[in-house]
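Participant: how would this look folded up:
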Amino acid sequence: MLMKHGNAAGALENYRQALATLEGGTDKNESTETLAEVYEGIADAQIMLSKKSGSLSEVEMYQKSLSVWTDLQQRGMLTPNYANRPNEVKQKIERGSRLRYGARVVTTLRRLRGSSPG
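Facilitator: Below you'll find the predicted structure:
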């Protein structure tokens, strides 16, 4: 909600507090979708604050988010309303990488992975 109103700093603080709570929790299975959303939210807020995508910390947060989404997907635990979330996060990673490393590197990485351009 804070992000929608342009308060990236407030959103980032809330996401960081949520991350501390979730990472300290004992029941990881119940909070995995939330954890993935929090990692993604931190990256989104960092981008909004810096106005520059592709920094290491943002890409790291997106990677962590993608890792959780992919794990849920592979275990068949990804709920229908999040079915496309892994692809959405992949696109954010590619956008950040394109800005950081250039489009040519991203195209080469796609080709090596065997994925089609998106």
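Participant: okay, CA-based contacts and neighbour counts for the rest of this
Facilitator: Will do.
Participant: Pass me the low-pLDDT residue ranges in the protein, would you?
Facilitator: 1, 26-31, 51-56, 98-118 (pLDDT under 70).
Participant: Could I get the full set of helices for it?
Facilitator: For the chain, the helices defined by DSSP state H occupy 8-24, 32-50, 56-74, 85-101, 103-113.
Participant: how about the second one: buried residues?
Facilitator: Across helix 32-50, burial judged by 16 or more other CA atoms under 10 Å covers 32-48.
Participant: do the same with the fourth one
Facilitator: Residues of helix 85-101 classed as buried under the neighbour-count rule (16+ other CA under 10 Å) are Arg85, Pro86, Val89, Lys92, Ile93, Glu94, Arg95, Gly96, Ser97, Arg98, Arg100.
Participant: tell me which of the residues you listed is nearest to His5?
Facilitator: Among the buried residues of helix 85-101, Lys92 lies closest to His5 (CA to CA), at 20.9 Å.
Participant: ok, how many other residues are close to the residue lying closest to that closest one once chain neighbours are set aside?
Facilitator: Taking CA to CA, 6 or more residues apart in numbering as the measure, Lys92 lies nearest to Tyr62, with 7.4 Å between them; neighbours along the chain are not counted. Tyr62 sits with 27 neighbouring residues when counted by other CA atoms under 10 Å.
Participant: Tyr62 touches Glu40, doesn't it?
Facilitator: Yes - the pair formed by Tyr62 and Glu40 meets the contact definition of CA atoms under 8 Å, at 5.4 Å.
Participant: Quick check: neighbours shared by these two?
Facilitator: Common neighbours of Tyr62 and Glu40, using CA atoms under 8 Å, 6 or more residues apart in numbering, are Val89.
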